[in-house]
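Student: Could you look at this predicted model? Sequence included:
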Amino acid sequence: MADLSLFDHNAAGNPNNNIFGLPFTEDDASLVLVPVPWEVTVSYKAGTARAPERMFKSGLQIDIFDEDMRDVWKKGFYMREADKKILLKSDYLRKEAELYINYISQGENISNNKFMCKTLKEVNEGSMFLNKWVFDQTSELLEKGKLVGIVGGDHSTALGFLKALAENHSSFGILQIDAHCDLREAYEGFTHSHASIMYNVLKEIPQVTKVVQTGIRDFSDGEFQYINKSEGRISAFTSKQIRERIYCGETWNRIAEDIVSELPEKVYVSFDIDGLDQKLCPYTGTPVPGGFEFDEINFLLKKLISSGKKLIGFDLSETGISSNEWDENVGARVLFKLCHFMVASN
């Protein structure tokens, strides 16, 4: 364990320390964060690949005292340095994907264009490489007994980690906080699109017995039908349903209890930051009006932990970058709370 006797937790965050200015090494920390600087398939605004390093910087401004979970940070949080080779690969394939997306958006048939066929194949192969890389990184940490969280990057980055968890847990559920269902099959032709993450999870990971989606407010008819045909494997608490229940007099406490009750004993939290109100994340990849307040999500996660359910992992994805660093600031604070909830539940 780290020697905290000389660490002043009331002082300003020291940039020579690690995430949130905490003085832990990877060996010391109970929770290790893996940054995944990847945004190849984003279909609207880019920037999230550079969010992990920007959140690291913003996190130095956070007071580490937590009113609900005092001293949990003493068990140690550590974030690895972002892999520059992954970022460079993402940058290259992102430009290729943009050309492809622009081409098909004009109604063109890719079978008539050998270059576009090659581009699509290259992007899909790159995503498979990324999934394997994330699987290897997280499997190594799980074998060491570490708690693990993923910091994206776009939402597709979580698949490799979920596969690693599936080798350690025979069954678990996912609490998905998101504006979108992400249940599209190979969206825009990309097998591992950010818009396909939950489709791929349900298809490829039978250990995931339940996905509970909350905050959903922008989805297709096909996704709506997919949920209805899932035979209970997916439960969706749409933003419309939640707001109408509140407008009719129900409390967020009651609704949060209903959400938590749908989850099994072991839970993974998949947090796409666009699940929050857009004022909190204006530069996220695909912003949508509506969404949760920061405190509403904290209350929901607190309910999850107080219910006795165990948080086995999480991802935070789609945080944008902005000139005033607002998105990064909010993202860092979401990450701070996720770290605390993760360690407190184990």
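Tutor: Yep, that arrived. Numbering: from 1, shown residues only.

Student: what's the longest helix in this protein?
Tutor: Using DSSP state H, we find that the single longest helix of the chain is helix 114-143.

Student: mind listing the strands for the stretch 201-346 of the chain?
Tutor: Shown for the stretch 201-346 of the chain, the strands assigned by DSSP state E, counting those that start in this stretch span residues 208-216, 234-238, 266-272, 310-317.

Student: could I get the ones you listed as CSV with distance to Met116?
Tutor: No exception for glycine: its C-beta is placed from N, CA and C like everyone else's. Below are the strands of the stretch 201-346 of the chain laid out as CSV (distance: least, Cβ to Cβ, whole Å):
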stretch, distance to Met116
strand 208-216, 32
strand 234-238, 33
strand 266-272, 28
strand 310-317, 27
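
Student: Low-confidence stretches in the chain?
Tutor: For the chain, the stretches flagged by pLDDT under 70 are 1.

Student: List the buried residues of the longest helix of the chain.
Tutor: Under the neighbour-count criterion of 16 or more other Cβ atoms under 10 Å, helix 114-143 has 116, 119-120, 122-124, 126-127, 130-131, 133-135, 137-139, 141-142 buried.

Student: Tell me which residue of this structure is furthest from the middle?
Tutor: In terms of distance from the mean C-alpha position of the chain, Asn112 ranks first, at 36.5 Å (Cα atoms, centre = their mean).

Student: Distance-wise, check that one relative to Ile305.
Tutor: 54 Å (Cβ to Cβ, to the nearest Å).

Student: next one: Leu311
Tutor: Here Leu311 is placed at a distance of 7 Å from Ile305 (Cβ to Cβ).

Student: which neighbours do the two share?
Tutor: 341, 345 (Cβ atoms under 8 Å, 6 or more residues apart in numbering).

Student: Which one's more surrounded, those two?
Tutor: Per other Cβ atoms under 10 Å, whichever of Leu311 and Ile305 has more neighbours is Leu311, with 22 against 19.

Student: Give me the neighbour count for the closest residue in space to that one that isn't next to it in sequence.
Tutor: Residue nearest to Leu311 in three dimensions, not counting chain neighbours: Ser345, with 4.2 Å by Cβ to Cβ, 6 or more residues apart in numbering. If you count neighbours by other Cβ under 10 Å, Ser345 ends up with 19.

Student: so who does Ser345 touch?
Tutor: Counting by Cβ under 8 Å, 6+ apart, Ser345 has contacts 304-305, 309-311.

Student: Is Ser239 in contact with Gly290, as I believe?
Tutor: Yes - with contact defined as Cβ atoms under 8 Å, Ser239 counts as touching Gly290 (5.0 Å).

Student: if I look at those two, which residues touch both of them?
Tutor: 179, 217.

Student: ok, the two, which is more surrounded?
Tutor: Ser239 (19 against 16).

Student: what's near enough to touch the more buried one?
Tutor: Contacts of Ser239 (Cβ under 8 Å, 6+ apart): 179, 215-217, 290-291.

Student: Go again with 7 Å.
Tutor: Neighbour list for Ser239: 215-217, 290-291 [criterion: Cβ atoms under 7 Å, 6 or more residues apart in numbering].

Student: Quick check: ChimeraX command selecting the buried ones in these.
Tutor: Selecting the buried subset of the contacts of Ser239 in ChimeraX, with 16+ other Cβ under 10 Å as the burial test, is done by:
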select :215,216,217,290,291
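
Student: and which of the contacts of Ser239 is nearest to Glu53?
Tutor: For the contacts of Ser239, the residue nearest Glu53 by Cβ to Cβ is Gly291; the value is 25.1 Å.

Student: Show me what stretch 53-64 is in contact with.
Tutor: With Cβ under 7 Å, 6+ apart as the criterion, stretch 53-64 contacts 9, 13, 15, 19-22, 73, 79, 82, 151, 319, 321, 325, 328-329, 331-333, 335-336.

Student: What segments of the stretch 1-150 of the chain are helices?
Tutor: Per DSSP state H, counting those that start in this stretch, the stretch 1-150 of the chain carries helices over the ranges 51-59, 84-105, 114-143.

Student: Format those helices as CSV; extra columns: distance to Lys163.
Tutor: Formatted as CSV, the helices of the stretch 1-150 of the chain follow (distance: least, Cβ to Cβ, whole Å):
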stretch, distance to Lys163
helix 51-59, 21
helix 84-105, 18
helix 114-143, 5
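
Student: Ok, which of those helices comes nearest Glu26?
Tutor: helix 114-143 (8.5 Å).

Student: What is that closest one packed up against?
Tutor: Using 3 or more Cβ pairs under 7 Å, 6 or more residues apart in numbering; DSSP states H and E, the elements in contact with helix 114-143 are strand 31-36, helix 84-105, strand 147-152, helix 159-166.
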